[in-house]
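Visitor: how would this look folded up:
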Amino acid sequence: MAERVGQQAVEPIRDPEKIRAMKEYLLHRSYRDYFLFTFGINSGLRISDILPLRVMDVKYTEHLRVKEKKTGNVRKIKMTAALKQEIEKYTRGMADSDYLFPSRKGNRPISRETAWRIINEAAKACGVEGPIGTHTMRKTFGYHFYQQTKDVAMLQQIFGHSAPSITLRYIGINDDMIDSVLRNFSL
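Guide: Next up is the predicted model:
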């Protein structure tokens, strides 16, 4: 089930400038919050699979291995060089057993509500419109992956969807976008 804000499903952040603005905003607020957003939009994982991660889960590997809370499936994801570099920088000085996104309230990760607040406040501060939530990070990953590769079958596999149409609807490739592309298409 898609994360909803009110009655609306959240949307991906389509504008790369808005993504850059949010990263900049979060970097000046908190390195942890910046890394949460950066990790989320570069991994495509659900927030329920991101928050329990520990340093040892990401630091010494080329692949993230996560047992998805929602599906129970084990997912193996190759980390990009850029994400790996961010992980190295972020985890410097952290113990292997530390949570990747530690709460300031004891030995536990931040809550889903805290993650939602972080993403939502940054989006508002940067003028990102539409319903925004933690699932926005996963959808943003999917949207930009598709825009760069046009490989819906691969994205479907990454997300574990049952059909390409589900994946396209999930990342917001809607009728208006299809109309826009077809408007100038000619053979």
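Visitor: From now on I want contacts and neighbour counts done on CA atoms only, so please keep to that.
Guide: Noted.
Visitor: pLDDT weak spots in the protein?
Guide: 1-8, 175-176 (pLDDT under 70).
Visitor: Swap in 50 and give it another go.
Guide: 1-2, 6-7 (pLDDT under 50).
Visitor: which residues of it fall in strands?
Guide: 4-5, 8-9, 63-67, 74-78 (DSSP state E).
Visitor: Quick one, which of these gets closest to Leu187.
Guide: Counting by CA to CA, Leu187 lies closest to strand 8-9 out of the strands of the chain; the figure is 36.2 Å.
Visitor: Generate JSON lines for the strands of the chain, with mean neighbour count and distance to Ser30 as supplementary columns.
Guide: Putting the strands of the chain into JSON lines (neighbours: other CA atoms under 10 Å; distance: least, CA to CA, whole Å) gives the following:
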{"stretch": "strand 4-5", "mean neighbour count": "14", "distance to Ser30": "24"}
{"stretch": "strand 8-9", "mean neighbour count": "14", "distance to Ser30": "27"}
{"stretch": "strand 63-67", "mean neighbour count": "16", "distance to Ser30": "24"}
{"stretch": "strand 74-78", "mean neighbour count": "13", "distance to Ser30": "26"}
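Visitor: and Ile158, which of these is closest to it?
Guide: strand 74-78 (8.0 Å).
Visitor: packing partners for the closest one?
Guide: Counting contacts by 3 or more CA pairs under 8 Å, 6 or more residues apart in numbering; DSSP states H and E, strand 74-78 is packed against strand 63-67.
Visitor: From the structure, what's the count of residues near Asn107?
Guide: Neighbour count of Asn107, defined by other CA atoms under 10 Å: 10.
Visitor: could you show me where the helices are in this structure, in order?
Guide: 16-29, 31-43, 47-50, 55-58, 81-91, 112-125, 135-149, 152-159, 164-170, 175-183 (DSSP state H).
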